[in-house]
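>>> Structure for this input, please:
(one chain, ligands or ions: 1)
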Amino acid sequence: MAEHEDVPHVRVAVVGAGFGGLGAAVRLRREGVTDFVVLERADSVGGAWRDNTYPGCACDVPSHLYSFSFAPHPDWPRTFSGQEHIRAYLEHVTDTFRLRPHIRFGSEVKRMAWDAEKLCWAIETSGGNLTADVVVSATGPLSDPRIPDIPGLDSFPGKVFHSARWDHAYDLRGKRVAMVGTGASAIQIVPSIQPDVARLTLFQRTPPWVMPRVDRAISGFERGLHRALPFTAQLRRGLLWGIRELQVQAFTKHPNELGFVEQLAKRNMARAIKDPSLRAKLTPDYRIGCKRILLSSAYYPALARPNVDVVASGLAEVRGSTVVAADGSEAEVDAIIFGTGFHVTDMPIAERVVGADGRTLAEAWKDGMRALRGASAPGFPNWMTIIGPNTGLGNSSMILIIESQLNYMADFVRQLGVLGGRVALDARPSARDAWDDRVQERMKRTVWNTGGCTSWYLDANGRNTTVWPGTTTEFRKVTRRVHLEEYEVLRAPRVPAEQRTPAAEARA
Ligand SMILES: Cc1cc2nc3c(=O)[nH]c(=O)nc-3n(C[C@H](O)[C@H](O)[C@H](O)COP(=O)(O)OP(=O)(O)OC[C@H]3O[C@@H](n4cnc5c(N)ncnc54)[C@H](O)[C@@H]3O)c2cc1C
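Residues are numbered from 1 along each chain as shown. Model (predicted):
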């Protein structure tokens, strides 16, 4: 957009209406900012919890921790609640905090470009254009599904879909199904569909470590107690959080101490898998924790069923209706389901953000994503991301990280107000580099870098640009406030009185 005098202007444009975007909206309100919009490409809220409707979809962090601290929910039905309950919770948060008037559904951000003269973002969306002083990008690290480039896939005559875009119109009963991938989604899908399908062929490039999932219904008594005495729900949340804060020390500082956890995981497998050759296929050869530890009490029992084949190799080719693994084994199937993850280190949104020097964020990040305190990138003033580089967690609730980033966002907007006038904050490259060096230095000792696996935590260059190498307490501390010395303060040139337009006046 070269000229944008006539398009609507807002103080803050939030992109995405998942946990991150909805949380940002609530937080902005609390800061007294009401001039904001939430741009969402879909037609409802929920993000990952709207898009992932596959059978068995549930959180793998207990619900009382996997929810906003400012919107406690005493009525979680299970310790690990299912997708439909988490989605309903986010709808509830949207209504409780009256966020709907701010949300523009059907507004996919196609491009946002920094206007260095006017110090604002010019945003093009499928639902119309606008400008904003500040952009909060909450498009989610796991929102754009990745399907690998498999030769012959285009001419497969059967059904193909990704776990995050489940086709409920397709009846899997009695079908021969190939499941590609053994990540967090796949291990929930496999036991859910195994009883119904004729044959399930599981393509496993790397076996995951799987621990039992202690999932149970939360009793009426417990729920009543949490409703009557809210501090009991707080206490429950605190315990869940505290345990994970202690666990993370082993991941980040003492990976060698994780050996005994491997023994527990092996015992979990041995209980269900009696066939030694299958056990050998399913036993990881890397340190537990290097890839996300998966929780399921139903996965191994499902793999032991006679209608399941585990192929210890990735899918390499599709020939007609035959799927061929890298090790040469073949199976004829009616449907292929990809549980192959998301564009995490190559987020599509990065192609659409154009900074001060005309470069996209994807170009700025071509050697790997990096951002000051997981939020700001030099050359992209007044733009920040929620769940940015090195903010992911291996073992705890991402909502803790999101809420810390919202503290940072709130202070960012506050500081702009304190500075006054038309002003922008641009992260200094030196501050970003110092931050990144500190993160990468700490990363060296962690299980994610030393555990001997390749995972989606690492980018194409083998750098870990996704995980936070510390506790959530530490993250909260380092994102409590914006350190102004880490930013360059940009001010708009003064416009002579005769050139001022009413729209520009209003904005100033
Ligand atoms: C199946 C699954 C299970 C998970 N389980 C857990 C768990 O148990 N514990 C945990 O901590 N984390 C879990 N996660 C991680 C999860 O991604 C985060 O916890 C959290 O939901 C992220 O919220 P978000 O708002 O940042 O992103 P999302 O929920 O992905 O929301 C992003 C939103 O941005 C919108 N969007 C994207 N691009 C654009 C665009 N260009 N224009 C407009 N809108 C756009 C999307 O439509 C979406 O609504 C899970 C993820 C998945 C996929």
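>>> quick check, stretch 196-214 touching the ligand?
No. Counting by C-beta under 6 Å from any ligand atom, the ligand has no neighbours in stretch 196-214; the shortest distance is 10.9 Å. To be clear about C-beta, it is placed using only N, CA and C from the backbone, and glycine gets the same treatment.
>>> and that stretch, average pLDDT?
Per-residue pLDDT over stretch 196-214 has a mean of 96.
>>> As PDB, could you dump the C-alpha coordinates of it?
Coordinates of each C-alpha in stretch 196-214 appear next as PDB, following Å, rounded to 0.1, in the frame of the first residue of the first chain:
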ATOM      1  CA  ASP A 196     -12.000 -49.100  13.200                       C
ATOM      2  CA  VAL A 197      -9.600 -49.400  10.300                       C
ATOM      3  CA  ALA A 198      -8.900 -52.700   8.400                       C
ATOM      4  CA  ARG A 199      -5.100 -52.100   8.400                       C
ATOM      5  CA  LEU A 200      -2.900 -49.400   9.800                       C
ATOM      6  CA  THR A 201       0.600 -49.000   8.500                       C
ATOM      7  CA  LEU A 202       2.600 -46.600  10.600                       C
ATOM      8  CA  PHE A 203       5.600 -44.900   9.000                       C
ATOM      9  CA  GLN A 204       8.100 -44.100  11.800                       C
ATOM     10  CA  ARG A 205      11.300 -42.200  10.900                       C
ATOM     11  CA  THR A 206      12.300 -41.800  14.500                       C
ATOM     12  CA  PRO A 207      10.600 -43.600  17.500                       C
ATOM     13  CA  PRO A 208       9.400 -41.200  20.200                       C
ATOM     14  CA  TRP A 209       9.900 -41.800  23.900                       C
ATOM     15  CA  VAL A 210       6.400 -42.300  25.400                       C
ATOM     16  CA  MET A 211       5.400 -42.100  29.000                       C
ATOM     17  CA  PRO A 212       2.100 -43.100  30.400                       C
ATOM     18  CA  ARG A 213      -0.600 -40.400  30.500                       C
ATOM     19  CA  VAL A 214      -2.400 -40.200  33.800                       C
END
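>>> Show me which residues of that stretch are buried.
197, 199-213 (16 or more other C-beta atoms under 10 Å).
>>> In strands, which of those residues appear?
Arg199, Leu200, Thr201, Leu202, Phe203, Val210, Met211 (DSSP state E).
>>> ok, so of these, who is nearest the ligand?
Met211 (13.9 Å; C-beta to the nearest ligand atom).
>>> hang on, the closest one packs against Arg267?
No. Met211 is beyond contact range of Arg267, at 10.0 Å (criterion: C-beta atoms under 8 Å).
>>> contacting residues around Val197?
Contact partners of Val197, counting by C-beta atoms under 8 Å, 6 or more residues apart in numbering, are Leu172, Arg173, Gly174, Lys175, Arg176, Val177, Asn307.
>>> neighbours of the closest residue to the ligand within the stretch 301-450 of the chain, just the number please.
Nearest residue of the stretch 301-450 of the chain to the ligand: Met398, at 3.4 Å (C-beta to the nearest ligand atom). For Met398, the count of nearby residues is 22 (other C-beta atoms under 10 Å).
>>> center of the chain, which residue is that?
The chain has Pro141 as the residue nearest its centroid, 3.7 Å off, counting by C-alpha atoms, centre = their mean.
>>> now it, what's its secondary structure?
Look at Pro141: counting by DSSP: H, G, I helix; E, B strand; the rest coil, its state is coil.
>>> For the closest residue to Thr391 other than its chain neighbours, what are phi and psi?
Excluding the flanking residues, the one nearest Thr391 by C-beta to C-beta, 6 or more residues apart in numbering is Gly374, at 4.0 Å. Here is the backbone geometry of Gly374 (degrees, to the nearest 10): phi 70, psi 10.
>>> Stretch 387-394: end-to-end distance?
13 Å (C-alpha to C-alpha, to the nearest Å).
>>> Longest strand of the protein, counting residues only.
strand 128-137.
>>> circling back: any chance of the ones in strands among the buried residues of stretch 196-214 in JSON lines, with distance to Glu31 too?
What follows is these, written out as JSON lines (distance: C-beta to C-beta, whole Å):
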{"residue": "Arg199", "distance to Glu31": "56"}
{"residue": "Leu200", "distance to Glu31": "50"}
{"residue": "Thr201", "distance to Glu31": "52"}
{"residue": "Leu202", "distance to Glu31": "48"}
{"residue": "Phe203", "distance to Glu31": "48"}
{"residue": "Val210", "distance to Glu31": "42"}
{"residue": "Met211", "distance to Glu31": "40"}
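>>> Which two of these have the greatest separation?
Arg199 and Met211 (27.7 Å; C-beta to C-beta).
>>> domain parsing for the chain?
The chain resolves into domains spanning 10-144+343-493, 153-214+239-338 when parsed by automatic domain parsing.
>>> what's the neighbour count on the residue lying closest to Arg287 once chain neighbours are set aside?
Computed as C-beta to C-beta, 6+ apart, the closest residue to Arg287 that is not its neighbour in sequence is Gly451, at 3.6 Å. Neighbours of Gly451 under the rule other C-beta under 10 Å: 18.
>>> which residues does Gly451 contact?
Contacts of Gly451 (C-beta under 8 Å, 6+ apart): Pro255, Tyr286, Arg287, Ile288, Gly289, Cys290, Lys291.
>>> Not counting sequence-adjacent ones, nearest residue to the first one?
In space, not counting the residues next to it along the chain, Pro255 is nearest to Val447; the distance is 3.9 Å by C-beta to C-beta, 6+ apart.
>>> thinking again about what came up before, quickly run through the sheet partners of the longest strand of the chain, with directions.
Note on strand 128-137: by DSSP bridges, its sheet partners are strand 9-15 (parallel), strand 120-125 (antiparallel), strand 383-385 (parallel).
>>> Next secondary structure element downstream of the longest one?
Tracing the chain C-terminally past strand 9-15 and defining elements by DSSP states H and E, one meets helix 19-30 next.
>>> cool, the last one as well?
Under the assignment DSSP H and E, the closest C-terminal helix or strand after strand 383-385 is helix 398-419.
>>> Can you name every helix or strand that that next one contacts?
Applying 3 or more C-beta pairs under 8 Å, 6 or more residues apart in numbering; DSSP states H and E, we find helix 398-419 packed against helix 19-30, strand 128-137, strand 383-385, strand 423-427, helix 472-478.
>>> do that again at 6 Å, thanks
helix 19-30, helix 472-478 (3 or more C-beta pairs under 6 Å, 6 or more residues apart in numbering; DSSP states H and E).
>>> Show me which residues of the following helix or strand past the shortest one are buried.
From helix 472-478 onward toward the C-terminus, using DSSP H and E, the following helix or strand is strand 487-491. For strand 487-491, the buried set under the neighbour-count rule, 16+ other C-beta under 10 Å, comprises Tyr487, Leu490.
>>> in its sheet, what does strand 487-491 sit against?
Strand pairing (DSSP bridges) places strand 487-491 next to strand 423-427 (antiparallel).
>>> and the partner strand, average pLDDT?
98.
>>> what do you get for stretch 19-34?
Mean predicted confidence for stretch 19-34 is 97.
>>> That stretch close to the ligand?
Yes. Stretch 19-34 reaches the ligand (C-beta under 6 Å from any ligand atom) through Phe19, Gly20, Gly21.
>>> Dump the C-alpha coordinates for that stretch into CSV.
Output in CSV follows, covering the C-alpha atoms of stretch 19-34 (Å, rounded to 0.1, in the frame of the first residue of the first chain):
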residue,chain,number,x,y,z
PHE,A,19,-4.4,-18.3,22.9
GLY,A,20,-1.8,-15.7,22.0
GLY,A,21,-4.1,-13.2,20.1
LEU,A,22,-7.0,-13.5,22.6
GLY,A,23,-4.6,-13.1,25.5
ALA,A,24,-3.1,-10.0,23.8
ALA,A,25,-6.6,-8.6,23.4
VAL,A,26,-7.5,-9.1,27.1
ARG,A,27,-4.1,-7.6,28.1
LEU,A,28,-4.5,-4.5,25.9
ARG,A,29,-7.9,-3.9,27.5
ARG,A,30,-6.4,-4.2,30.9
GLU,A,31,-3.8,-1.6,29.9
GLY,A,32,-6.6,0.7,28.9
VAL,A,33,-6.0,0.3,25.2
THR,A,34,-9.3,-0.1,23.4
